[in-house]
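Q: starting from these lines, generate the structure:
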Amino acid sequence: MAVTMAQAINQALKDAMSADDRVLMFGEDVGRLGGVFRVTDGLQEMFGEERCFDTPLAESGIIGTAIGLAMYGYRPIAEMQFDGFTYPAFEQIVSHLAKMPNRSRGTVKLPVTVRIPFGGGIGAVEHHSESPEAYWAHTAGLKVFTPGTPEDGYSMMRESIESDDPVIFLEPKRRYWMKSDQQLPVTTQPAREAVVRREGTDVSVFCYGPMVRTALEAADAAADEGWSLEIVDLRSLAPLDTASIVASVKRTGRAIVVHEAARNLGLGAEIAARIQEGAFYHLEAPVLRATGFDTPYPPAKLEEYWLPDVDRILDAVERSLAY
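A: Modelled structure (predicted):
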């Protein structure tokens with residue numbers, strides 16, 4: 001039976017809560033409603049209101065509560081209902097969640113998983129289609145994971161909950177309905193490891209989260225032009241699997257980074273820097289980027305023009321191969 005990414009993450013939450021009664025799930029509308037995307041559907045019914053509960057509309061308070069619970073031995077999962085709602089919690093995440101373990105010289109563990117549906121492509125209103133991953137990846141002390149497949153949605157969520165370090169778990173909301181025939185439970189590669197989703201010889205395409213499927217579609221289209229693209233799903237944005245990135249570029253000699261977020265100071269810039277540090281003499285062309293634009297996210301009727309698509313990726317491929 002096919003399972004969607006939303007169902008896979010839901011099953012991971014159920015399994016984690018069944019395995020450890022210290023695991024709690026809370027956030028805005030995650031209880032009775034089961035979440036805006038129904039990712040927490042059935043949790044309150046199964047585990048009761050003390051382990052899956054709704055909170056006030058106060059993101060800073062949600063994260064502050066998670067930090068306090070973690071300090072007292074719980075393993076909380078806090079949902080930020082949408083990506084754009086994380087900013088009121090920014091101070092709690094950056095100043096306290098990320099820093100407390102280091103500030104205490106490791107004596108205080110904060111095994112907090114912060115679930116954030118992120119990215120565009122669903123026709124949402126303002127503040128509901130953000131890509132804030134660079135903020136979190138830049139913040140030392142946080143792990144930042146994002147699944148590109150239902151299988152990874154399950155396995156990486158379980159790994160995040162079991163981690164003693166705080167994890168920002170970015171769920172690509174427009175891929176919630178993406179299906180897989182994989183039976184659950186499933187254990188994929190450790191989240192810190194990038195995965196080659198498709199082998200290729202001409203250009204390495206680095207992507208993550210919602211762009212994994214788009215990049216694979218671009219690889220299919222590129223094959224019709226006689227171009228062989230290697231698609232690398234980064235999976236972990238902090239830490240980055242630099243060894244896998246460099247190894248892929250050494251195989252192909254060319255690199256393109258794809259992400260929904262705006263280009264300026266996005267993850268693509270950091271990845272390009274690591275490539276030139278580790279594979280400079282293997283490059284046949286500059287590292288290129290296919291990204292969102294350096295503007296605020298547009299109204300829903302314009303998002304198809306704003307988001308990177310197959311054509312934008314193929315344009316970057318063509319420019320890379322022209323060198």
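
Q: give me the helices and strands touching the lowest-mean-pLDDT helix or strand in the chain, please.
A: Of all helical and strand segments in the chain, the minimum by mean pLDDT, DSSP states H and E falls on helix 100-103, at a mean of 92. With contacts defined as 3 or more C-beta pairs under 8 Å, 6 or more residues apart in numbering; DSSP states H and E, helix 100-103 has no helix or strand neighbours. (Each C-beta comes from the backbone N, C-alpha and C, glycine too.)

Q: so what strands line up beside the helix or strand following it?
A: Sequence order places strand 113-118 as the next helix or strand after helix 100-103, per DSSP states H and E. Sheet pairing here is set by DSSP bridges, and for strand 113-118 it gives strand 75-79 (parallel), strand 167-172 (parallel).

Q: need the residues that contact strand 113-118.
A: Under the contact criterion C-beta atoms under 8 Å, 6 or more residues apart in numbering, strand 113-118 has outside partners 27, 36-37, 39, 63, 66, 75-83, 86, 93, 97, 130-133, 146, 157, 160-161, 163, 166-173, 176, 209.

Q: where along the stretch 201-323 of the chain do the strands fall?
A: 203-207, 229-233, 236-238, 255-262, 288-292 (DSSP state E, counting those that start in this stretch).

Q: rewinding a little: can I get the strands paired with strand 113-118 in a markdown table including distance to V196, mean pLDDT and mean neighbour count?
A: Formatted as a markdown table, these follow (distance: least, C-beta to C-beta, whole Å; pLDDT from 0 to 100; neighbours: other C-beta atoms under 10 Å):
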| stretch | distance to V196 | mean pLDDT | mean neighbour count |
| --- | --- | --- | --- |
| strand 75-79 | 30 | 98 | 26 |
| strand 167-172 | 19 | 98 | 26 |
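
Q: mind checking which of the ones you listed is nearest A6?
A: strand 167-172 (8.3 Å; C-beta to C-beta).

Q: can you list contacts of that closest one?
A: 5, 9, 39, 83, 93, 112-119, 133, 136, 142-148, 153, 156-157, 160, 209-210, 237.

Q: hmm, 7 Å instead?
A: 9, 113-119, 133, 136, 142-146, 157, 160, 209-210 (C-beta atoms under 7 Å, 6 or more residues apart in numbering).

Q: quick one: distance of the next helix or strand after it to the chain centre.
A: Sequence order places strand 179-180 as the next helix or strand after strand 167-172, per DSSP H and E. Offset of strand 179-180 from its chain centre (C-alpha atoms, centre = their mean, to the nearest Å): 18 Å.

Q: that older thread, alpha carbons of the least confident helix or strand of the chain, in PDB - could you do that?
A: In PDB, the C-alpha atoms belonging to helix 100-103 read as follows (Å, rounded to 0.1, in the frame of the first residue of the first chain):
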ATOM      1  CA  MET A 100      22.300  25.800  26.100                       C
ATOM      2  CA  PRO A 101      24.200  22.500  25.700                       C
ATOM      3  CA  ASN A 102      27.400  24.400  24.900                       C
ATOM      4  CA  ARG A 103      26.900  27.000  27.600                       C
END
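
Q: what comes up buried for it?
A: M100, P101 (16 or more other C-beta atoms under 10 Å).

Q: point to the residue nearest the middle of the protein.
A: T146 (2.2 Å; C-alpha atoms, centre = their mean).

Q: for that one, give its distance to F53.
A: 26 Å (C-beta to C-beta, to the nearest Å).

Q: just to revisit the earlier point, residues contacting the least confident helix or strand of the chain, please?
A: I67, V108, K109, L110, G141.

Q: quick check: domain ranges of the protein?
A: Using automatic domain parsing, the domain parsing of the chain gives 3-180, 195-321.

Q: will you turn the ones you listed into JSON lines that also has distance to Q189?
A: Converted to JSON lines, the domains of the chain look like this (distance: least, C-beta to C-beta, whole Å):
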{"stretch": "domain 3-180", "distance to Q189": "8"}
{"stretch": "domain 195-321", "distance to Q189": "6"}
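
Q: ok, which of the ones you listed comes nearest T188?
A: The nearest among the domains of the chain, by C-beta to C-beta, is domain 3-180 at 4.2 Å.

Q: for the closest one, what is the distance to the chain centroid?
A: 11 Å.

Q: end to end, how far does that domain reach?
A: 5 Å (C-alpha to C-alpha, to the nearest Å).

Q: I'm done for today, thanks for sticking with me.
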